[in-house]
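Engineer: model the structure of this input:
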Amino acid sequence: MDHIDTPIFSIAAQLGRTAYVTFFNGVSGYLSATSLTRDNFHGGPGQIQGTVKQAHIPNDLPLRRRVRLHRKIDGQLICETWSTLDGAYAFNDVPVQPYYIITFDHTGTYNAVIADSIVPEIFT
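Structural biologist: Below is the predicted model of the structure:
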């Protein structure tokens with residue numbers, strides 16, 4: 001499991017989760033490893049999944065936060081979603097290229113967290 005620690009949050013890649021996703025064009029819905037809703041503009045064979053957690057709390061408390069996927073080469077916003085109550089999020093059907101992910105704390109308690117150089121896994 002890839003794991004990135006920050007002073008406030010940790011983002012850990014996990015499999016088999018479901019997330020509510022809103023794409024750049026306003027289309028939204030629930031996605032999981034088995035529901036392959038295609039982003040027809042940016043579509044590809046890649047999948048990125050992770051979990052938003054508050055670090056340095058016993059058992060890394062999962063958090064519901066806004067998560068944005070940006071293409072690394074030019075910073076273009078590709079997808080946006082909210083993590084589920086267990087902190088899980090997923091971006092499916094994205095091209096295999098480097099991205100960065102920004103997680104926002106809508107409560108204003110913490111700064112945003114960035115996970116950089118994320119490359120999707122290819123699923124079949």
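Engineer: surely Leu77 meets Arg66?
Structural biologist: No: judged on CB atoms under 8 Å, Leu77 makes no contact with Arg66 at a distance of 11.8 Å. No exception for glycine: its C-beta is placed from N, CA and C like everyone else's.
Engineer: more neighbours: which of those two?
Structural biologist: Arg66 (17 against 12; other CB atoms under 10 Å).
Engineer: what sits opposite the more buried one in the beta ladder?
Structural biologist: Listed beta-bridge partners, Arg66: Trp82, Phe104 (assigned using DSSP bridges).
Engineer: now it: how far from Gly108?
Structural biologist: As judged by CB to CB, to the nearest Å, Arg66 and Gly108 stand 12 Å apart.
Engineer: kindly report the same for Gly43.
Structural biologist: Distance from Gly43 to Gly108, by CB to CB: 34 Å.
Engineer: so between those two, which is more surrounded?
Structural biologist: Using other CB under 10 Å, the more surrounded residue of Gly43 and Gly108 is Gly43, with 14 against 7.
Engineer: now do the SS call for that one.
Structural biologist: Three-state call for Gly43 (DSSP: H, G, I helix; E, B strand; the rest coil): coil.
Engineer: got the contact list for it?
Structural biologist: By CB atoms under 8 Å, 6 or more residues apart in numbering, the contact list for Gly43 reads Asp93, Val94, Pro95.
Engineer: lowest confidence element among the helices and strands of this protein?
Structural biologist: Across the helices and strands of the chain, mean confidence by mean pLDDT, DSSP states H and E is lowest for strand 9-12: a mean of 34.
Engineer: circling back to that earlier point, so how do I select the buried members of the contacts of Gly43 in ChimeraX?
Structural biologist: Those of these that count as buried under 16 or more other CB atoms under 10 Å are selected in ChimeraX with:
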select :93,94
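Engineer: out of the contacts of Gly43, which is nearest to Asp60?
Structural biologist: Closest approach to Asp60 among those (CB to CB): Val94, at 25.7 Å.
Engineer: wait, doesn't that closest one sit right on Arg71?
Structural biologist: No: contact criterion CB under 8 Å: Val94 and Arg71 do not qualify, at 9.1 Å.
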